[in-house]
Structures are given as structure tokens and as C-alpha cells.
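In: task: produce atomic coordinates for the following.
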Amino acid sequence: MTTGSDAPGAASPRGNILVALENARKSFGPVRALDTVDLTVTGGECLALVGHNGAGKSTLVNLINGNLEPSEGAVRYGLADGSTSSGQIARRRAGVRAVHQELSLCPNLTVAENVRISQRDLTGRGWRGRAARRVMTALDEIFAGHRIQPEAIVGDLTLTERQMVEVAIGFADGAEPARLVILDEPTSSLDGSIAGQLLAHVRRFCARGGSVIFISHMLGEVFDVATRIAVMKDGRVIADREAGHFTRQSLVSAMGHVASEKAAQRVRPQGDDILSTPEGLKARRGEIVGLAGLAGHGQAEALAAFYLSQTSNWRARAPQAVFVAGDRGRDGIFPLWSILRNATLAALPRLTRRGMVDRDGERTLAEDWREKIGIRTDDIDNPILSLSGGNQQKVLFARALATEAPIVIMDDPMRGVDIGTKTQVYEMIRREADVGRTFLWYSTEIDETCLCDRVFVYRNGSIAAELTGAAITEEQILSNSFEMQGQAA
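Out: From the prediction side, this is the model:
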């Protein structure tokens, strides 16, 4: 039970304007990332921002949360006393919080110490205790049954737990209670049950007067929580109306891409297994093998162990396996390098002769994959961080597929990737599998797992079930995930 100043979330008068963008524009040199946007968010609503990667969503929310200043126009905040103002002080007084897609926690600090970074009133004797109470109250309310402790070092937590902590800090009480929380792909690292807890909390928070800006490429989540949907394309808001006025198809059409409802059925490859681990994970040549189950139950560890076993010979010119990370900030991109260098890194052994890299061949390879996978950039020499999160993920796919490795290992690689891009990648995976490449694919999205030829369901660090053909269904995956849980209880 929450009491006093540590209760998360503060009521705002329903309908009061919390933030307003007025003719907001943002340019980076010649590139206009945001083009004349007028948008308001009022108390008690959940505004969903949807659009493909590079549509301008991240730029828009970075203007709202104060990370960027508009090149033209203004961002105004509605304060608790009914007045409006601009600037960082006004933003903090307005109770605007942000939960970033690329987690912003400091891995060398504890959970409680991370709270202090954003909540400047936590000073003096006993601040750690106050910080711990705030974050634990929020965790308890949002994620009932969690096992996170305030003294835990963030770097020792799983990706799912770090996402939960970041969300809890966003909603935790403070000197200025949260009135508007920006959630940028907040469920990208969460399994279905934990994501459901968060979505339920979003509905509760908005029902008592708080507001949420919700960014997600999972349209089911959008329709689950949004009261209003704004569609973005090429830096503009091209549609903005109540969620009930959209259907799934009309929303996808408004975004400018009609994704196929279901992947084409493949004939499962036959023949002997080309890989087999002591734990029972197996795959055939040309097979797409999925790893499923509740997040944090050994799937990522199984992939990492197999990858290391295949790449121990660092001198090999032709690697047997390549890796596509889902946590691109930690395991994927090299943030100080260009798009070109990030894309071609894994292919350098075959581009090297007598210790010298064929730079012309490297550039040709990078440009080829920029076209194949649709990386949105005018210059591959630009820094990798100049790309949106989804386009950074495309670079990681290009890095893996540009090699000749027969096995591609994917650790939840579609985190934060839009529907159109996902469809392109699904088709590319199938094409590569059809010519003999084998994929090991861990995903927290059951829809993706159901695209696989064979699925291993994990529970408590081991394989609980192996599913093939018609048995690969959401019902079977969930049943086997929780069946093992019940037996272990």
C-alpha cells in the first residue's frame, strides 16, 4: 500500500494541457527531422505516436523531454497552478518524465542510486533510503511479484529487469510528481506477462489524471492503451484522432506501408541436424529455429554459449556464426564509428589481403546492403548514432548477412523496429534460409516465434518443449512456458 509522498503518480485535472508543440521544427544541418508540428497532450489521455523508423517520433519526444531545442517554434508546458512556461525548469515543474528506448541507466550504480540522477531533491542524510522507497513503491505497483532489490547493481540485472527499473523510475514519486510520462518502446525487452502489467498500469495512471505518450511498433499494445493516436511520416503528423476511429489496417495504411498479415508458409527443411548442443538445442541446414518462453529463462544465455563455441578461432577468415544483438547499445553498435564501419566489421576477414583492407570493396559492400535492407541515410560515412534506433538495427542485420557465415544467431533483434521494416526483415530471413542459411532466433514476441520452423520453449534455464509444424502456436508456447513453472513451484 502506498502512502504519503512516496505514492507514484499524481492526479492532473482531466483535460488540462500538459504540453503543447506550436509550429515545432527541428533540423540537423540540411536534414529536417521535424517539420511544422502542432500537437497537444492533455491530462488523462494516452497519446500513441506511431510511424516507421525515421518518421520523427524520437525527435518529437526529445523536444518534449528537453533533450533537444526546436530550431523553430515552441514547446510549452502546463504547470500545476494552471500557468504555462517553456524551458528545462518548466519541464521539471510540469512533471514530464521519459523512459527511453535505449536504456539510460548507469550500469555501475545501484538501482536506488540511479533514482538520484533524475530526482535532484534526494540529498542529505538518508537519501538512499528515500530513493529506495520511491523506486520500490513504483516497482511493487507496476510489476507485482518482481524480485529486484534497491541495492542491486544495475549492470548485474537482466535486460528485462533493467527495463523494469527504468519504467519504475519514470513513474516513481518525487519532489515534482509524474504528470506526463513518455514511454518509448517500453515493452521491447519484456515478455507478454510483464508487458501486460505495464499496460495495465498505464491505464490506471491515465484514469487518475496522469498522461502518457506511448510509442510502440506493436499495434496490439497501441490499441490496448491509447485513447488517441497520432501518425507520423517524414517529420510530420499526418493523422491525429481518437483511437476508436482507427482499425489495424487503416492505421498501417496511414503509416504508408501495408504489411502482410501472415508470413508465407515454408516447407520445413529435411535432413540431419547440422548443429546440436548438450542442452538439446538443434537445427538443420536452412532451418529457422525459434527460442521461446518467458524472458530471462536461459534463451539469451543458450545463444551466447553456442555463439562463443563457434567463434573461438579468431583467426578464421570465414566465421561459422554471426550475431545480431537486440540490446544494440550494449552488444551491437560501435557508437564512435561510422555506419560503413559498423556494417562491414564482420566481413573484414574476406576483404583483407596481406593485412590490408580493400577499402573500395568495403564501401561497395556497405552501399549494397544499404540498398538491400533500406538503411535511411544519404551518406554511409555518417556516424552510426545519426540513425534512428530501427535503422541502427538494420545496420546490425547488414553486418551479419554481409558475411558468408552459415549460421545467424539473433537475440530478440526486432526490439524497436517498425512493422514495415519487420516485414522486410522477415522476408529476407526466409530468402536466406531458402538458400541454406540456418537461423537461431530468440524473440519476446510470440508472433515472431510462430514464423519459425521449429521452436524450443525454455523454462528455468532448460528446454521445456520442442514444437514443430502445426504445434507452433501461441497457446502451445504459453502452455509449455507456464506448465514448467507450475511443476517447479
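In: buried set for stretch 373-391?
Out: 373-375, 377, 380, 384, 387-391 (16 or more other CB atoms under 10 Å). All C-beta spots, glycine's among them, are computed from the backbone N, C-alpha and C.
In: and which of the residues you listed is nearest G326?
Out: Nearest to G326 among the buried residues of stretch 373-391 is G389, at 11.3 Å by CB to CB.
In: how far away is the closest one from L351?
Out: Computed with CB to CB, to the nearest Å, the distance linking G389 and L351 is 27 Å.
In: same thing with A112?
Out: Going from A112 to L351 by CB to CB gives 48 Å.
In: ok, those two, which is more surrounded?
Out: Per other CB atoms under 10 Å, whichever of A112 and L351 has more neighbours is A112, with 22 against 17.
In: which strands and helices sit next to the helix or strand harbouring A132?
Out: Taking DSSP states H and E as the definition, one finds A132 inside helix 127-142. Secondary-structure packing of helix 127-142 (3 or more CB pairs under 8 Å, 6 or more residues apart in numbering; DSSP states H and E): helix 111-118, helix 159-171, helix 192-207.
In: quick check: buried residues in it?
Out: Buried residues in helix 127-142, counted by 16+ other CB under 10 Å: 127-128, 130-142.
In: tell me the one among the residues you listed nearest to S85.
Out: R134 (25.7 Å).
In: thinking that closest one is in contact with Q119, fair?
Out: Yes - between R134 and Q119 there is a contact under CB atoms under 8 Å: 7.4 Å.
In: and the nearest residue to P413 once chain neighbours are set aside, how many neighbours does it have?
Out: Distance criterion CB to CB, 6 or more residues apart in numbering; nearest residue to P413, sequence neighbours excluded, is V324 at 4.5 Å. By other CB under 10 Å, 24 other residues sit near V324.
In: about what we covered before: could you dump the helix holding A132 to CSV, C-alpha only?
Out: Extracted C-alpha coordinates of helix 127-142, given in CSV (Å, rounded to 0.1, in the frame of the first residue of the first chain):
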residue,chain,number,x,y,z
TRP,A,127,18.7,9.9,0.7
ARG,A,128,19.4,6.3,-0.2
GLY,A,129,16.6,5.1,1.9
ARG,A,130,14.2,7.7,0.4
ALA,A,131,15.3,6.7,-3.1
ALA,A,132,14.9,3.0,-2.4
ARG,A,133,11.3,3.6,-1.1
ARG,A,134,10.3,5.6,-4.1
VAL,A,135,11.6,3.1,-6.7
MET,A,136,10.4,0.0,-4.8
THR,A,137,6.9,1.5,-4.3
ALA,A,138,6.7,2.1,-8.1
LEU,A,139,8.1,-1.4,-8.9
ASP,A,140,5.6,-3.0,-6.5
GLU,A,141,2.7,-1.2,-8.0
ILE,A,142,3.6,-1.7,-11.7
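In: what's next to it, contact-wise?
Out: Around helix 127-142, the neighbours that count as contacts under CB atoms under 8 Å, 6 or more residues apart in numbering are 2, 6-8, 111-113, 115-116, 119, 122, 146, 148, 150-151, 164-165, 167-169, 171-174, 197-198, 201.
In: look at the nearest residue to A239 once chain neighbours are set aside and tell me its secondary structure.
Out: Distances taken as CB to CB, 6+ apart put V231 closest to A239, at 4.1 Å, once the chain neighbours are dropped. The local conformation at V231, judged by DSSP: H, G, I helix; E, B strand; the rest coil, is strand.
In: cool, and the one 10 residues further on?
Out: Recorded secondary structure, R241: strand (three-state DSSP).
In: so who does it touch?
Out: R241 makes contact with 228-229, according to CB under 8 Å, 6+ apart.
In: shift numbering so it begins at 179
Out: Sure, I'll start counting at 179 from here, so that last one is R419.
In: for it, name its beta-bridge partners.
Out: Note on R419: beta-bridge partners by DSSP bridges are I407.
In: show the pLDDT at T530.
Out: In this prediction, T530 carries a pLDDT score of 86.
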